[in-house]
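Novice: coordinates only, sequence not included:
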């Protein structure tokens, strides 16, 4: 039987190397990473996500301002308001789990929604708005 000690050491080394190289992914947070937590936790995840995407964000206490909107932490979630012409959204985008009190203006130039969790759906929602803003 062959000695596999070098193989297992190689796998451990590879896993350690990948962990070190992929640490930036923590900025995106895990799925449901802030689920059930207060608005501060969601706001923090949102802020890290926006900055990791290259946006300039200014935080003032419980509020974050970015190029095309604001986010404000509240006890029951984080209210996100975004503005722009022809936002790439439809009303059904605001009815996913963890999205509450969503309102999209008739002209699709303003959206307001309360995030009550931080999931992949929330990140996709913001990614669409960021891409639209940069276009």
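Specialist: Thanks, I have it. Note that the structure is a prediction, hence the values are computed from the model and not measured.

Novice: show me where the protein has its helices.
Specialist: In the chain, the segments counted as helices under DSSP state H are 5-21, 39-52, 120-134.

Novice: can you pull the buried residues of the second one?
Specialist: Residues 39, 41-47, 49-50 are the ones in helix 39-52 that count as buried (16 or more other CB atoms under 10 Å). Heads up, the C-betas are built off the backbone N, CA and C, glycines and all.

Novice: pull up the gap between the residue nearest to residue 63 when sequence neighbours are not counted and residue 95, please.
Specialist: Spatial nearest neighbour of residue 63, chain neighbours left out: residue 72 (4.6 Å); criterion: CB to CB, 6 or more residues apart in numbering. Distance from residue 72 to residue 95, counting by CB to CB, to the nearest Å: 21 Å.

Novice: the more surrounded of these two?
Specialist: A side-by-side neighbour count of residue 72 and residue 95, using other CB atoms under 10 Å, places residue 72 first with 18 against 11.

Novice: what is the burial count for residue 75?
Specialist: Around residue 75 there are 7 residues (other CB under 10 Å).

Novice: for the residue nearest to residue 69 when sequence neighbours are not counted, give me its contacts.
Specialist: Nearest residue to residue 69, sequence neighbours excluded (CB to CB, 6+ apart): residue 82, at 3.7 Å. Neighbouring residues of residue 82 by CB atoms under 8 Å, 6 or more residues apart in numbering: 68-69, 110-111, 129.

Novice: next step: the residues you listed restricted to strands.
Specialist: Among the contacts of residue 82, the members found in strands (DSSP state E) are 69, 110-111.

Novice: perfect, that will be all.
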